[in-house]
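Q: output the structure for:
(4 chains)
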4 protein chains.
Amino acid sequence: MPAPLRFGLIGTGRIGRLHAGSIAANPDSVLARIADPLVDGAREVAGTYGGIATDSAEELLAAGDLDAVLIASPTATHVDLIERAVDAGVAVLCEKPIDLDIARVDALRPKVAAAGVPVALGFNRRFDPAFREVRARVRAGEIGALEQLTIISRDPAPAPAAYVAVSGGIFRDMTIHDFDMARFFLPDVVEVQATGSALFDEGARAAGDYDTAVITLRAASGAIVTIINSRHSASGYDQRIEAFGPGGTLQVANAPTSLVSVSTSAAVEAKPPYQDFFLERYARAYADELADFVGLVRGEPSAAATYEDGRAALILADAAQRSAAERMIVPVSLG
Amino acid sequence: MPAPLRFGLIGTGRIGRLHAGSIAANPDSVLARIADPLVDGAREVAGTYGGIATDSAEELLAAGDLDAVLIASPTATHVDLIERAVDAGVAVLCEKPIDLDIARVDALRPKVAAAGVPVALGFNRRFDPAFREVRARVRAGEIGALEQLTIISRDPAPAPAAYVAVSGGIFRDMTIHDFDMARFFLPDVVEVQATGSALFDEGARAAGDYDTAVITLRAASGAIVTIINSRHSASGYDQRIEAFGPGGTLQVANAPTSLVSVSTSAAVEAKPPYQDFFLERYARAYADELADFVGLVRGEPSAAATYEDGRAALILADAAQRSAAERMIVPVSLG
Amino acid sequence: MPAPLRFGLIGTGRIGRLHAGSIAANPDSVLARIADPLVDGAREVAGTYGGIATDSAEELLAAGDLDAVLIASPTATHVDLIERAVDAGVAVLCEKPIDLDIARVDALRPKVAAAGVPVALGFNRRFDPAFREVRARVRAGEIGALEQLTIISRDPAPAPAAYVAVSGGIFRDMTIHDFDMARFFLPDVVEVQATGSALFDEGARAAGDYDTAVITLRAASGAIVTIINSRHSASGYDQRIEAFGPGGTLQVANAPTSLVSVSTSAAVEAKPPYQDFFLERYARAYADELADFVGLVRGEPSAAATYEDGRAALILADAAQRSAAERMIVPVSLG
Amino acid sequence: MPAPLRFGLIGTGRIGRLHAGSIAANPDSVLARIADPLVDGAREVAGTYGGIATDSAEELLAAGDLDAVLIASPTATHVDLIERAVDAGVAVLCEKPIDLDIARVDALRPKVAAAGVPVALGFNRRFDPAFREVRARVRAGEIGALEQLTIISRDPAPAPAAYVAVSGGIFRDMTIHDFDMARFFLPDVVEVQATGSALFDEGARAAGDYDTAVITLRAASGAIVTIINSRHSASGYDQRIEAFGPGGTLQVANAPTSLVSVSTSAAVEAKPPYQDFFLERYARAYADELADFVGLVRGEPSAAATYEDGRAALILADAAQRSAAERMIVPVSLG
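A: I've put the predicted structure just below:
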C-alpha cells in the first residue's frame, strides 16, 4: 500500500473545511499543511484534522513536503496559486472557477498543459453517484445516442448581495456547474443561447445580474442541452437531470430527505421537502471527488474536470452572459 | 353480427341504474324490460335508456322475450329471482352476495348446476383493468408461483347505520369482494383467520359488527392471502393489491384523480386525494363486466364469478365471522 | 333546456371523425350536416352519427340551418371556410393552425374581429384536465407569480414524410400546440429563441425541417418559458408541464396506462409505457373542448383559443423558425 | 464535555464488528476491550479500532475499567453475560434476542429490574430515521389514533440452513424485529394469530420451520397489526411500514439505491433494485442506536428497547409459533 498523499489546503472557509474533512477521512490522504491569511481559521482546521497551520500560501507551497494542494481560496487567487503549485511540482485540485477573466485563464494555459503534475478543477457534481450513473448508462448505449439533455438546477435561496456583487454573475457563479455537467455528457458545445431575468432578488437586480435564467447549448452533433436555473426554490435544492435518446429517457430525481410519505384528506403521497443545502446534497460527491483526485495523482483513470474543462465552462459562461445581455445567439469554439 | 342481447333489469337503485347505463352503452346489448316494485324508478330508467317498465319482477321474467336478466334488487330476493330466471331459461347476472344464508345458497345449488343458462355473480372487481392485468401477469409466470397476496381495501366512509344493520356485517358485505379477489388468484382456500374491531363507527358497534378488520387466508398450496379492511379512509377509496412470488412483486397503486403534483416548502410531490366513490373507481370494471357477461351468454370464455364462486365467497365470510367472534382459526372446504 | 346546437362538420379525416363523435355524444349538440369532397367519408360519418352528407362545404354553409361549423379540413382551406362561415353568421370552431401564412391570417383578422359570431381555434390541450388544473391553481396564487414554465412535448413517432413536407415544419405543426399552451399561462410573449436539429427523421432532414427542438420564450413580465420537443419518444407520448414560482412547483406527470408496477431483480417500481397516441391522451380534452364551445356559442365564459390566440401561435412559430434558421433571437409583438 | 464512554465488546462476528465501528466513530465512546473465544477476531478488531483483545468475556468484565458492554456473542450466551455485566455494574447493550427460552429470560428478569445500570436490547430498527419519523408523527397526532399498522418485512435471501437450524425459527429470529417494531407503536399486544408455510427454502422445510409467514397482532385498544414476512425478495431487502388512522396514512417506502429511473419502450420510471443487505439498509440505525445508548448511560431519555421489550418480543414469537403450529389464536399477557 502506498503512503497516503500529503495534502496542503489553501483557504479554510466553508468549502475549504469540507475538503479538510474529506482529506482526513480518506485512508489514502493526509492533511499536512493548511494556509489561510486569517490564520485562526487555519489553526482551527489543524486542531481538528491535524497538519501545520500558516498564514501564507507561498510558505505552504515552498515547504517542499507536499504531494498535492487543494485550493479553496477566493477565486481571484486561483490562477496565481495554480501557477506556483505547478512550478513547485505539486498536483492541484482547485475549486471552480479558475478565474472570472478568460484572458488570465488563457495566459496560464500553456504552462498547465506542459506541467508534469495533474491540475484538476473542483466540479464536484461529476462525482454525484446519480449523475455519474446516468452518464455511464448513456455511454453504455442504454438509450442510444444522446439527443437532448435537460438540467434543472435551482438553489434553495439567493446568495447574499455582497457575494452576488463579486461572483461574476449567475452564469459564472452558479450555471458554471451546469455548463460543466453539460460538457460531462456532450463536450463539444458550439453555440450558446441565454435569457435571464431579475424577478425576485434585489441583490441580483442591483448588480445588473439575473436570478432566473434559461440557457440552451448546441453540441457539434446537433444534440441540444437545456439548463433551467433559479436562485430560489421553495421546496428545497432542486437538482434534476434528464437524458433523452432514441431508446428512452434516464432521469435523476431530487434527493428525498425521508422515506416517509403521508396521505390525508388534503393530499396524498406527500413527502417532506428536499434538502436545503448543497453540502448535504453533494456530500458523497465531494468525498468521491477527493478519492478520484488521489487516484489521478497516482496515475489512475479519472473523471475529474481538467484545466481545459474549467476553461470551457468559463467560455460558456461568458457566451451566456453575452447572449443574455446583447440578445444574440453566440457561437463558441472550445478547441 | 348477432342481434343485441335483450336484457331485463330487476332493481333500479344506485347499482341497478349503473347497470342500465352499461347495458344501453354496450352495442351488443339492449335494455328491454325494467322491474321495480317502486315503479317510478323503473319508469325513470325506461325513460332514459329505453325498455318497458313494470312493478313486477315475475311479470318481467314471464314476458318470454329476454335473453338475460340483471338482478340488482335487495339481497334477500336474489335466490328466488335466480331460481325463476333459471326456470325461465334466462341467463343471470346477479349482484353479490347470493344471499346472507349459506343454507339457502346450498339449496339452490343443484338447480343452478343443472341449468341450461349461465349464472354469473357481480363481483365487478375481477374486471378492473389493473387487477386483471396483475392476475394475467401472475398466470403468465412473470413473478413465479404466487406466495403472498396482500389486499388493502378501505372504503372512504362507513355505510349508514341502517344499512350496516341488515348488511350481514363487514365480512359478508364489504370483505366479500376481497374474498372473491383472493380466490380470483388462489381459488383453493383452506383456512381462515380474522380479527375485527369497532373503533370509530357507532353503527357498527351498535350492530355488534366491526369497522376495522384483518383477515388471513391460507391456500392449499401454502400461499397466504392478507386482507386489510377499514370502513373509512381519509385520503379516499383505498384499493391496492400486491402479488408476491419468487421473481418479484406486482403492485396495483391507488387510482389518482389527477396527474398534477405540487412541491412547496411544506411538502413535495403531493397529489390530490383519491376518488371517494366506488362507482368512479370501478366504472370501467362495471362496463367490462357487462361486456364479459354478454360474451358468456354467447358461449365465449368468461372471467366472471360463477354461482360456485359466489357461494365460496359467502363461506369465507361466514368463516371470518366465526374466527373473529369465537377467536379461533377456521378450516374451510369449498369443494 | 335550449335546443341542441346544430353542427356542420367539414372534413372527415381522423380528427373530423373524432369531433363527429364528440358532437354526437354531447347532449347539447347534434350533427346536422357533414361535408367532405371525398363524399364517401361524409356518408360514413352520417351513417354512424346522423346528419346529411355532401361533398361541398359551400353547400353545407349555405343550407342556413346550422348554428355552428367545425372545420377539420386541410389547413389551406381554413381561412376561406372561416370567412364563409362568418359571412353566413355561423359560429366557428376551426382546427389549428389558421393557416401557414401570417399574411392570410392578418387579412381575415378585421372581419373576424367584427363578426357577430364566435370564432374559436381547436387548441384542445387547453382543455386537458391536468393542464387546466395547473393553470387554475397558478391563477389562484398557489405558487405565487409564475417565473418559469417548462413544457416537455414529444410525439411517439415522426409523422409520415409526405405530411412533414406540407406541414409547415415542426414549429408550425407540432410546437404550435406548445406555443398556445405557453400563452395559456403567459399571454404576453415578447421574444423567441429556438434551436433545431434533424437527428433521426429522414423526412425532416429531406424537408429541411427539424425533428428535435428547444424553444425559449420570454414574457413581458420577465418570466421564461422553455419548450422541449422531439418527434419521437420510445416510452410513449411524453407530455409534461412544470410551473415554477416563488411558492413552489406544480407538475403534470405523464398519463399512466396502468396502475400496475413491478419490482424484480432487474428493476423496481417499473410501470408499463405511456399511451402512444394523442387521441387517447387527449380524449377527455377533445370532449371538453366541444362542450366549452357549445357554451361559448350560448354566451357562457370560455377558455377556448380565439382567432387572436391562433394568430399569436403562428407568429411565435414563424419567429422560432427564423430564430433557428438565422441563428438570432427574435423579438415579437402579438398586440 | 464528559469523558468518552469506555466500551467492552463481546463477540467479533459480523454484527460485533459493525458495533466496533460505531463505537470507534462516535466521539462520545471508545472501544477499550474486545473479547472473543476466537481471539484472532478480537485481535483484528483491536488492530483496526483500538482496545485490548482477550479470549475471555469473564476477564473483560472483571477488568473493572468499563462503563458499558456490547454483547454480540451467540444468543445462548446472552443471559449469562447480561447477568455478569449487571453484577459488575456495567451498562449493557445486548443484541437480540435475549434468549430462545422464555424461562431463562424470566429467571433473570428480577435482577435486571433491580439493577443499577441500564440494560438495553439491540432492536436497531427503532432507530431507523424513517420508522422513527413515522412513530413521532403518529404520536404527534398527525393521523389520529392508530387503527392499523402494516409491516412488510422480507429478507433478500434465506439464511444458511445451518443457521436456520439453531435460530429458533422464523418467528424468533426474523419476525422478532417486527414484533418489537409493532410494540414500538402499540406496546399492549393482547392476542397473536399466525400462519406459516415452507414454500421455497429447503433448510426451513427440513427444520420444520417456515420461510413465509403472516402474523396478526391485536392491541388492547383494538388496533390491529399485520406483519408480512418472507425469507426471500427478488427486488432486494423489502422493509416497509404503513400506519393508518382516522386522519390518513403514513408510509415508509423501500430505500432506493439510486435517484435514477429509466423509461423505455419496455417500461417507464423503472429504478434499480433495492439494497440487498441489512447492514446497508440500517447503517444509520446502528449508528444512532449506539448514540442513543451512550445517552441512556448518561441519564438522557432513550428510545431503546429495554429488557422488558426484549422479553415481550420473545413472548410474541413463542405465541406466533404456537398459533402457526397448533392452528389456534393465542392470547398473550405482556405485563
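Q: does A:Ala136 count as helix, strand or coil?
A: helix (DSSP: H, G, I helix; E, B strand; the rest coil).
Q: residues near it, how many?
A: Close neighbours of A:Ala136, defined as other CB atoms under 10 Å in any protein chain shown, add up to 11. Bear in mind the C-beta positions are built from the backbone N, C-alpha and C, glycine included.
Q: can you give me the distance of it to chain B?
A: According to CB to the nearest CB, to the nearest Å, A:Ala136 and chain B sit 25 Å apart.
Q: can you check A:Gly168 too?
A: Between A:Gly168 and chain B the computed distance is 29 Å (CB to the nearest CB).
Q: that residue against A:Pro97, yeah?
A: Yes - A:Gly168 is within contact range of A:Pro97, at 7.5 Å (criterion: CB atoms under 8 Å).
Q: now do the shared contacts for those two.
A: Taking CB atoms under 8 Å, 6 or more residues apart in numbering or on different chains as the contact rule, A:Gly168 and A:Pro97 both touch A:Thr75, A:Ala317.
Q: of the two, give the one with the bigger neighbour count.
A: Taking neighbours as other CB under 10 Å, A:Gly168 and A:Pro97 compare with A:Pro97 leading, 26 against 21.
Q: quick one: secondary structure of A:Ala324?
A: Assigned by three-state DSSP, the conformation of A:Ala324 is helix.
Q: ok, it - contacts?
A: When contacts are counted by CB under 8 Å, 6+ apart, A:Ala324 touches A:Phe171, A:Ala194, A:Thr195, A:Gly196, A:Tyr210, A:Ala213.
Q: can you tell me which of those residues are in helices?
A: Those of the contacts of A:Ala324 mapping onto helices are A:Phe171, per DSSP state H.
Q: between the contacts of A:Ala324, which sits nearest A:Ser263?
A: Comparing those against A:Ser263 with CB to CB places A:Ala213 closest, at 36.3 Å.
Q: what bridges to that closest one?
A: Note on A:Ala213: beta-bridge partners A:Gly196, A:Asn229, judged by DSSP bridges.
Q: next one: the one 5 residues further on
A: Beta-bridge pairing of A:Arg218, defined through DSSP bridges, involves A:Glu191, A:Ile224.
Q: what about A:Ile224, distance to chain D?
A: Separation of A:Ile224 from chain D (CB to the nearest CB) stands at 19 Å.
Q: you'd agree that residue is up against A:Gln193?
A: No - using CB under 8 Å, A:Ile224 makes no contact with A:Gln193, being 10.0 Å away.
Q: thinking again about what came up before, and the contacts of A:Ala324, which is closest to chain B?
A: Nearest to chain B among these is A:Ala213, at 20.4 Å by CB to the nearest CB.
Q: which residues sit in contact with that closest one?
A: By CB under 8 Å, 6+ apart, the contact set of A:Ala213 is A:170-171, A:175, A:194-197, A:227, A:229-230, A:320, A:324, C:224.
Q: any quick ChimeraX command for the buried ones out of these?
A: Only the buried entries of those go into this ChimeraX selection, using 16 or more other CB atoms under 10 Å in any protein chain shown:
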select /A:170,171,175,194,195,196,197,227,229,230,320,324 /C:224
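Q: just send the contacts of A:Ala213 back as CSV, with pLDDT too.
A: Conversion of these to CSV gives the following (pLDDT from 0 to 100):
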residue, pLDDT
A:Ile170, 96
A:Phe171, 97
A:Thr175, 98
A:Ala194, 98
A:Thr195, 98
A:Gly196, 98
A:Ser197, 98
A:Ile227, 98
A:Asn229, 98
A:Ser230, 98
A:Ala320, 98
A:Ala324, 98
C:Ile224, 98
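Q: next, format the contacts of A:Ala213 as TSV and append distance to C:Arg126.
A: TSV is the format used below for the contacts of A:Ala213 (distance: CB to CB, whole Å):
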residue	distance to C:Arg126
A:Ile170	33
A:Phe171	35
A:Thr175	33
A:Ala194	30
A:Thr195	25
A:Gly196	29
A:Ser197	26
A:Ile227	29
A:Asn229	29
A:Ser230	26
A:Ala320	33
A:Ala324	31
C:Ile224	21
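Q: helices of the stretch 1-150 of chain A, start to end?
A: Along the stretch 1-150 of chain A, the segments classed as helices by DSSP state H, counting those that start in this stretch run A:14-25, A:39-49, A:57-62, A:78-87, A:102-114, A:129-139.
Q: now mean pLDDT and distance to A:Leu314 too, for those, in JSON lines please.
A: Converted to JSON lines, these look like this (pLDDT from 0 to 100; distance: least, CB to CB, whole Å):
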{"stretch": "helix A:14-25", "mean pLDDT": "95", "distance to A:Leu314": "18"}
{"stretch": "helix A:39-49", "mean pLDDT": "97", "distance to A:Leu314": "28"}
{"stretch": "helix A:57-62", "mean pLDDT": "96", "distance to A:Leu314": "22"}
{"stretch": "helix A:78-87", "mean pLDDT": "98", "distance to A:Leu314": "11"}
{"stretch": "helix A:102-114", "mean pLDDT": "98", "distance to A:Leu314": "6"}
{"stretch": "helix A:129-139", "mean pLDDT": "98", "distance to A:Leu314": "21"}
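Q: thought A:Ala115 was touching A:Arg84?
A: No - contact criterion CB under 8 Å: A:Ala115 and A:Arg84 do not qualify, at 11.8 Å.
Q: near chain D, which residues of chain A are found?
A: A:129-130, A:133-134, A:137, A:142-143, A:247-255, A:258-265, A:269 (CB under 8 Å from any CB of the partner chain).
Q: if we go by neighbour counts, what in the helix or strand hosting A:Ile215 is buried?
A: A:Ile215 belongs to strand A:212-219 when assigned by DSSP states H and E. Neighbour counts over strand A:212-219 (16+ other CB under 10 Å) mark A:Thr212, A:Ala213, A:Val214, A:Ile215, A:Thr216, A:Leu217, A:Arg218, A:Ala219 as buried.
Q: state the distance from the most centrally placed residue in chain A to A:Asp292.
A: Central residue of chain A (CA atoms, centre = their mean): A:Phe123, 2.9 Å from the mean position. Separation of A:Phe123 from A:Asp292 (CB to CB, to the nearest Å) stands at 11 Å.
Q: now do the shared contacts for the two.
A: Common contacts of A:Phe123 and A:Asp292 (CB under 8 Å, 6+ apart): A:Ala304.
Q: quick one: terminal-to-terminal distance for stretch A:259-276?
A: End-to-end distance for stretch A:259-276, by CA to CA, to the nearest Å: 17 Å.
Q: do it and chain C come into contact?
A: No - counting by CB under 8 Å from any CB, no contacts exist between stretch A:259-276 and chain C, the nearest distance being 9.3 Å.
Q: in the stretch 101-250 of chain A, which residue sits closest to chain B?
A: When scored by CB to the nearest CB, the stretch 101-250 of chain A has A:Ser235 as its residue closest to chain B, at 3.8 Å.
Q: next up, the contacts around that residue.
A: Contacts of A:Ser235 by CB under 8 Å, 6+ apart are A:Pro273, A:Tyr274, B:Ser263, B:Thr264, B:Ser265, B:Val268, C:Gly248, C:Thr249.
Q: three-state assignment of the fifth one?
A: On the three-state scheme (three-state DSSP), B:Ser265 is labelled coil.
Q: that one contacts A:Pro273, correct?
A: Yes - when contacts are counted by CB under 8 Å, B:Ser265 is listed as touching A:Pro273 (6.0 Å).
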